[in-house]
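K.L.:
sequence first, predicted coordinates after that:
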Amino acid sequence: MRKRKLGLASLLLLAVLAAGCREDAASSNGEKPDASSAPLEMEAYGKMPRPVTLRIGFKIPDAQIMMGDSNDNNTVTRYLESVTNIRVSHYWEAKGDEAFFQRVQMAIDSNDLPDAMVVDREQLERLIQNDMIEDLTDVFDKFGSSLIKNMYRSTEDQVLTDASRDGKLYALPNVALQADSATLLWVREDWLNRLGLSPPETLDDIERIAKAFVEQDPDGNSKRDTVGISGYRNIVYGQKPHINGFDSVFYAFGAYPGNWIRNEQGEIVYGSVTPETKEALGKLADWYGRGLIDPNFPLYKETQEPIIASKTGIFFGPWWMPYFPLSDAIRSNTTAEWRAYAAPLNAEGRFVIHLAPSTDRFLVVRKGYEHPEAAIKLVNAFTRLERRQDPNEAAKELDDFSAKTGIQPRAYYPFDLLIDYSDAIESHYADLQQALHGKVDPEQLNPETRLLYDKFNQETEQPKKDMEGWKAVNAYKYGMGVLASTPSVKVKSIFSGVTKSMPGTWKDLQRMENEAFLKIIVGDSPLEEFDNFVKEWKLSGGSQITKEVNQAMPSP
């Protein structure tokens, strides 16, 4: 874990300049370093010499915009334009990851790209192969901020390797936070207490609690209208967990669908076609057949609907669930209390975490766009803002905007490309605990952690009054708190790249997988149908891709 220096402001300032302005350093009084004043950072944070327009593909957030504003003209976008001289225009918009990346694919297929957009790994590969995007090597070297470069180094530059081909950088990658890899079990603690149930650890415990939540009227309204476990219609997320995925159920069986792993013979195999995956599907099918899983989970337009409506008491998700959807659930039902658990444990009584790849999305710039540095300057600006290191007085207005509206500024950044140190959440939590237990002066905390500290105190004094504070406090206290206190087995994918046969084939194979898993779980297909799925998967290109993955990776 990265060490945080908490004192000696003058020495830190010298260190910042000597090390290329390392911007994550915090002064002894917690002030934000004015990175833009350092000569080496003028290229990164200085305004464009004349107004520039950048057309982008934009992912519409769940947040509701204020009256009179629009997705491309609001408090956040106006601030970013004021500090960069870059006008962002939305070439097209799409809501949600699935719709957004479908729209990206359409743009690639029609060779009608916006000036800049975020793409996934397979889309990046196709853009590079077809010479459709700019080489950003020299542009990033000149205009990339020290803050971002240091964050990339926290991954040992793995993210830059993933975004490069033949020594050329073709995209700015995000950084996957280590803490985001884990799938926790979130449970309605008030329901648990009302029914006198003990906390969950095992698969059997989850069954017991889900059955009680379905049958014993946990919300006390004298109606049988609650469900046990919420679900995600695609069953698993595979590499990076999100709301309602069943990934950790599979991990408890030693199965890793959506990931490349080594079997007992040392061969690299696709985790979705292993016997362990079949066993886990059998357990989920049993749960669904017994009514323990929400019978309507495949039908929801938005997977979080039953959580927000207080109809479910159990779901799987990462540590940050209080930010969303639990904040919305609490707004509609202020008496609800949610807690996270490291469950289910595997047969050996251990909690398994599958580590996500270092990056999973990439910002690219259209080939021929005259000002590729504009995209980089925008990322510099909103990354510094997000990390609370923006020295501009006007940036403070965004705190007022967030407090007034409940909208986090990140919702209206031009690109869904958050960049941080890979161990940022663990570091914030460790420093926060030191301050809360009186071992570190809060004034010595860096700006982000100091803000968390203040929110903890405010939430303690006035619970649920400030929902922005409630989000952070509950995510760190219960989500990250569980991760920090639970020993775990960490499993990592052998391969996360793109082979020669994947483009044009992989998405069809994933669709085949999702359909097979869903049918087995809801009872439309018997468990034995899994064997036919495996055969069809291999014949439809899976065997060739597996061969290519094995050829790409060295033997252990």
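P.N.:
Looks like it came in fine. All values reported here derive from a predicted model rather than from experimental measurement.
K.L.:
switch to C-alpha atoms for all contacts and neighbour counts from now on
P.N.:
Will do.
K.L.:
helix, strand or coil for Ala395?
P.N.:
The three-state assignment at Ala395 reads helix, by DSSP: H, G, I helix; E, B strand; the rest coil.
K.L.:
hmm, Arg387 and it touching each other?
P.N.:
No - between Ala395 and Arg387 there is no contact under CA atoms under 8 Å: 11.8 Å.
K.L.:
contacting residues for Phe530?
P.N.:
Taking CA atoms under 8 Å, 6 or more residues apart in numbering as the definition of contact, the neighbours of Phe530 are Lys278, Ala516, Phe517, Ile520.
K.L.:
which helix or strand contains it?
P.N.:
Taking DSSP states H and E as the criterion, Phe530 maps to helix 529-537.
K.L.:
give me the next element, helix or strand, following that helix.
P.N.:
Per DSSP H and E, the first helix or strand lying C-terminal to helix 529-537 is helix 543-552.
K.L.:
chain center to that next one, what's the gap?
P.N.:
In terms of CA atoms, centre = their mean, to the nearest Å, the centre of helix 543-552 is found 28 Å from the chain centre.
K.L.:
for Phe456, see how far away Thr449 is.
P.N.:
11 Å (CA to CA, to the nearest Å).
K.L.:
so for the helix holding Phe530, mean pLDDT?
P.N.:
Averaging pLDDT along helix 529-537 gives 98.
K.L.:
just want the most central residue of the protein.
P.N.:
Central residue check for the chain by CA atoms, centre = their mean: the C-alpha nearest the mean position is that of Asp180, 5.9 Å away.
K.L.:
that one: what secondary structure?
P.N.:
Assigned by three-state DSSP, the conformation of Asp180 is helix.
K.L.:
I'd say it and Pro318 touch.
P.N.:
Yes - in this structure, Asp180 sits in contact with Pro318. The criterion is CA under 8 Å, and the distance is 6.0 Å.
K.L.:
shared neighbours of the two, anything?
P.N.:
Residues touching both Asp180 and Pro318 (CA under 8 Å, 6+ apart) are Pro241.
K.L.:
where does the prediction get shaky in the stretch 1-150 of the chain?
P.N.:
Flagging of the stretch 1-150 of the chain using pLDDT under 70 yields the residue ranges 1-40.
K.L.:
which residues in it form strands?
P.N.:
Ranges of strands within the stretch 1-150 of the chain are 52-60, 86-95, 116-119, based on DSSP state E, counting those that start in this stretch.
K.L.:
using a markdown table, lay out those strands together with mean neighbour count and distance to Thr274.
P.N.:
Below are the strands of the stretch 1-150 of the chain laid out as a markdown table (neighbours: other CA atoms under 10 Å; distance: least, CA to CA, whole Å):
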| stretch | mean neighbour count | distance to Thr274 |
| --- | --- | --- |
| strand 52-60 | 21 | 35 |
| strand 86-95 | 18 | 34 |
| strand 116-119 | 24 | 30 |
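K.L.:
before we move on, the earlier item: ok, now which ones touch the residue nearest to the centre of the chain?
P.N.:
Applying CA under 8 Å, 6+ apart, we find Asp180 in contact with Lys240, Pro241, Pro318, Trp319, Trp320, Ala356.
K.L.:
that's a helix at the fourth one, yeah?
P.N.:
Put plainly, it is Trp319. No - going by three-state DSSP, the assignment for Trp319 is coil, not a helix.
K.L.:
what lies in contact with stretch 245-261?
P.N.:
Contacts made with stretch 245-261 from outside it, assessed by CA under 8 Å, 6+ apart, are listed as 183-184, 203, 231-232, 234-239, 241, 268-274, 276-277, 279-281, 316-317, 343-347, 351-354, 492-496.
K.L.:
quick one, which of these are buried?
P.N.:
When the contacts of stretch 245-261 are checked for burial by 16 or more other CA atoms under 10 Å, the buried set is 183-184, 203, 231-232, 234-239, 241, 268-274, 276-277, 279-281, 316-317, 343-346, 351-354, 492-496.
K.L.:
quick one, helices of the stretch 101-250 of the chain?
P.N.:
121-129, 137-143, 146-153, 158-162, 189-194, 203-215, 247-252 (DSSP state H, counting those that start in this stretch).
K.L.:
could you pull up the contacting residues of Asn111?
P.N.:
For Asn111, no residue meets the contact criterion (CA under 8 Å, 6+ apart).
K.L.:
now it: how far from Ala375?
P.N.:
Distance check for Asn111 against Ala375: by CA to CA, it reads 20 Å.
K.L.:
and for Asn333?
P.N.:
Using CA to CA, we find Asn333 at a distance of 41 Å from Ala375.
K.L.:
cool, Pro357 as well?
P.N.:
Following CA to CA, the distance that separates Pro357 from Ala375 is 24 Å.
K.L.:
more crowded one of those two?
P.N.:
When Pro357 is set against Ala375 and neighbours are counted by other CA atoms under 10 Å, the residue ahead is Ala375, at 25 against 22.
K.L.:
from memory that one sits against Val118, does it?
P.N.:
No - in terms of CA under 8 Å, Ala375 does not count as a neighbour of Val118; the distance is 11.0 Å.
K.L.:
what's the most distant pair in the contacts of Phe530?
P.N.:
By the measure CA to CA, Lys278 and Ala516 form the most distant pair in the contacts of Phe530, at 11.0 Å.
K.L.:
which elements pack onto the lengthiest helix in the chain?
P.N.:
When the chain is scanned for its longest helix (criterion: DSSP state H), the result is helix 506-522. Using 3 or more CA pairs under 8 Å, 6 or more residues apart in numbering; DSSP states H and E as the contact criterion, the neighbours of helix 506-522 among helices and strands are helix 275-289, helix 529-537.
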